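Peer 1: Model the structure of this input:
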Amino acid sequence: MLSNRVMHSKESGYNLVEVIFATALLGIVSITIFTLFVMGRRNVYSGKQNSQAVAIGTQVMEDLQPLNKQMLYKGAFNINDTDTGDAITLPRVSGLAAPSFVGRIRSTDPTILSTEADIATQNTPPALLTRWAGLINGKLTNPSVTIVMVPDQDQATPPNNPPQFGTAAILHIRVFVRWTEAQRSREVVLDTVKAF
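Peer 2: From the prediction side, this is the model:
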């Protein structure tokens, strides 16, 4: 009888507690792996959107690079030589401080400034804002391209305070590419300087 009882205890299976523990452990591991896949997919999508915005911003800068002062001011954006610009505060994005400038702004988003920021203020040709609106549509969600031009004087010329575009030896250009991703506003900012 004793040998039969010993043999029976060796053949016993898993009890209910062990099955529940194994199922819970498998569930936790499965949820963790699934979460990693979802987060990885989201990060890949976000990286793709960011790369797309950088490519668009780079294209905007390449479009501006060959333009001389006359082509940029008169030919593209209707800026007078005696213009000093306006104080500009762009809307906040992603909890960052709202950027402020004294210069001229042009944007594919007509809500940025009600007076000058719409596509209708551009000269044709070259119709750069229309071109940039075509670049961003369909690639990003709620996209816009905004450029801010800020004149800087050459120290050798008599100073105008504030600097006028016509006397500027250097023009600082900041390009903002903005879009919405997962109900959050995102932006890429690129800077360049043109010397005249």
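Peer 1: With just CA atoms, put stretch 185-194 into PDB.
Peer 2: C-alpha atoms of stretch 185-194 as PDB (Å, rounded to 0.1, in the frame of the first residue of the first chain):
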ATOM      1  CA  SER A 185       0.600  70.300 -32.100                       C
ATOM      2  CA  ARG A 186       4.200  69.600 -33.400                       C
ATOM      3  CA  GLU A 187       6.700  71.900 -35.100                       C
ATOM      4  CA  VAL A 188      10.100  71.800 -36.700                       C
ATOM      5  CA  VAL A 189      12.100  75.100 -36.800                       C
ATOM      6  CA  LEU A 190      14.900  75.800 -39.200                       C
ATOM      7  CA  ASP A 191      17.100  78.900 -39.300                       C
ATOM      8  CA  THR A 192      19.200  80.400 -42.000                       C
ATOM      9  CA  VAL A 193      20.900  83.800 -42.700                       C
ATOM     10  CA  LYS A 194      21.100  85.500 -46.000                       C
END
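Peer 1: May I see the buried residues of it?
Peer 2: 186, 187, 188, 189, 190, 194 (16 or more other Cβ atoms under 10 Å). For every residue, glycine as well, the C-beta is placed using N, CA and C.
Peer 1: Please convert those residues to CSV, extending it with secondary structure and pLDDT.
Peer 2: Formatted as CSV, these follow (DSSP: H, G, I helix; E, B strand; the rest coil; pLDDT from 0 to 100):
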residue, secondary structure, pLDDT
186, strand, 91
187, strand, 90
188, strand, 92
189, strand, 91
190, strand, 93
194, strand, 89
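Peer 1: closest to residue 74 among those?
Peer 2: residue 194 (15.0 Å; Cβ to Cβ).
Peer 1: Which members of the buried residues of stretch 185-194 are the farthest-apart pair?
Peer 2: Farthest apart among those - using Cβ to Cβ - are 186 and 194, which lie 26.7 Å from each other.
Peer 1: would you list every one of the strands in this protein?
Peer 2: Using DSSP state E, the strands of the chain run over 86-89, 100-107, 144-153, 168-181, 184-195.
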